[in-house]
Every structure is written in structure tokens, then in C-alpha cells.
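A.B. asks: mind looking at a prediction? Sequence and model below.
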Amino acid sequence: MLAGAIPSIVQVLRVGSMEARENAAATLFSLSLADENKIIIGASRAIPALVDLLQHGSMRGKKDAATALFNLCIYQGNKGRAVRAGIITALLKMLTDLRNNMVDEALTILSVLANNHDAKPAIVKAGTISVLIDLLRTGLPRNKENAAAILLSLCKRDTKNLACMIRLGAATPLTELTKNGTERAKRKATSLLEHLQI
């Protein structure tokens, strides 16, 4: 029964009024709470439509899309779909456009994607490392924590990304984070500094 309803919900998400698209995204979020539904929703054309709403929707639509995308991307099979749908570009814009106040949502989704073999190179290619390092310097404590966790995922066993972090001056904000960050941020920053061999 659910599989039969998904195409109609996705159609509304793609071409409905803004309010209808918001409601469709919220419905997909609710349905995506169940693991078996993540597979069904991901196999539909929902992810590209959610990424589009994330980029072009109202604030409520963007929040609903972000929450649905986070849930869907927990399932490994949906991560590549999200990358192919352009989620990395949308998330980078969210990280740099502070007027939208969606940095937390972008970082949360990136943290789920950062270990994926399709997403990792796309995240790096988009120039996200420099943005994450800037967040280490200027972000709120939770943003710093999540930025450090994502950087650790991107840089583990990757000398090219580690060299990029060194070149961008990551050592200073990471050292500061080991002193003044949350407990999780301190652990992530310490681990990153060890990888940087500083």
C-alpha cells in the first residue's frame, strides 16, 4: 500500500504548490522514520525532488526537506542517490548562506554522508573543507563539533585532504577546539591534530 502512495506524494513534491510541496516533504519525513520505508522512498524519485525543495523552497519547505533527506540518507543505498541529485551543492550553499539559518541541518546531513565513497569526493571537490575550517573558527559550539567530526571523516587515511587542511591553517582552530570545545569536539580535534602530526 505504501509503495503505491509514494509516486503520488513525489508528484506533489515535484509540481505542487509550495504548501503542498512542504506537506509532501513532511509526509516523506514521517514515512522515512521506518527503515523499510527508506528503501521504498529512495527508489522513487523523491530524493531529487527533496533536494530541489531544499534549494528553492520556503523556509518551512527547506527544513522539511532537510529532515526527510537526513532520514533517507541514513540508509546507505540512498547516499549515492542524494549525491547524484546535487545535495552537496545545496548543503554547501546552506553552510555559507547564514541568512537561512540552516547550518545545523547542513552539517547534520554532511556528517551522515562524509564516510560514503560517492559522497566523500563530491564533498571535497565542492570546496567544503575550507568552509568547515571557517566554521571551526567562527561557528557555534555545536557547529564546531560537527565540522570537526566531518573533517575527521574526510581526512582519515587521505593524505591529500590532510595536506589541504594544513595549507588552509586548520591547526590553529583545532588546537583552540581541544581547549574550549565540547567533549566530543575536543576528541575529534585531538584526533585530527594527530592525523596532521602536529
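C.D. replies: Happy to help now that I have it.
A.B. asks: buried residues, stretch 146-157. List them.
C.D. replies: Of the residues in stretch 146-157, Asn146, Ala147, Ala148, Ala149, Ile150, Leu151, Leu152, Ser153, Leu154, Cys155 count as buried by neighbour count, 16 or more other C-beta atoms under 10 Å. Where C-beta positions appear, they are placed from N, C-alpha and C, glycine not excepted.
A.B. asks: distance from the chain centre to that stretch, please.
C.D. replies: A distance of 13 Å separates the centroid of the chain from that of stretch 146-157, by C-alpha atoms, centre = their mean, to the nearest Å.
A.B. asks: and what of stretch 104-120?
C.D. replies: A distance of 4 Å separates the C-alpha centroid of stretch 104-120 from that of its chain, computed with C-alpha atoms, centre = their mean.
A.B. asks: one more: stretch 74-84?
C.D. replies: Taking C-alpha atoms, centre = their mean, one finds the center of stretch 74-84 at 11 Å from the center of the full chain.
A.B. asks: so which residues make contact with it?
C.D. replies: With C-beta atoms under 8 Å, 6 or more residues apart in numbering as the contact definition, stretch 74-84 has outside contacts at 35, 38-39, 42, 47, 51, 69, 72-73, 112-113, 116, 118-119, 122.
A.B. asks: for this structure, just list every one of the helices.
C.D. replies: Applying DSSP state H to the chain gives helices spanning 2-15, 18-31, 35-43, 46-56, 59-74, 76-84, 87-96, 103-113, 119-125, 128-138, 141-155, 159-167, 171-180, 183-196.
A.B. asks: show me the shaky parts of this protein.
C.D. replies: Using pLDDT under 70 as the threshold, the predicted model of the chain has low-confidence ranges 1-3, 198.
A.B. asks: go again with 80.
C.D. replies: Counting by pLDDT under 80, the chain shows low-confidence ranges at 1-4, 98, 100, 198.
A.B. asks: picking that back up, most neighbours out of the contacts of stretch 74-84, which is it?
C.D. replies: Using other C-beta atoms under 10 Å as the neighbour test, the contacts of stretch 74-84 are led by Leu69, with 31 neighbours.
A.B. asks: that residue touches Asp52, doesn't it?
C.D. replies: No: contact status for Leu69 versus Asp52: not in contact, 11.1 Å apart, counting by C-beta atoms under 8 Å.
A.B. asks: quick one: which of the contacts of stretch 74-84 is nearest to Val10?
C.D. replies: When the contacts of stretch 74-84 are ranked by distance to Val10 (C-beta to C-beta), Ile47 comes first, at 9.4 Å.
A.B. asks: my read: that closest one touches Asn71, true?
C.D. replies: No: counting by C-beta under 8 Å, Ile47 stays clear of Asn71, with 11.3 Å between them.
A.B. asks: how many neighbouring residues does Gly4 have?
C.D. replies: 7.
A.B. asks: now Gly127
C.D. replies: If we define neighbours as other C-beta under 10 Å, then Gly127 has 12 of them.
A.B. asks: distance of Leu54 relative to Val10?
C.D. replies: 15 Å (C-beta to C-beta, to the nearest Å).
A.B. asks: quick one: which of those two has more around it?
C.D. replies: Applying other C-beta under 10 Å to Leu54 and Val10 shows that Leu54 carries more neighbours, namely 28 against 20.
A.B. asks: cool, thanks, signing off.
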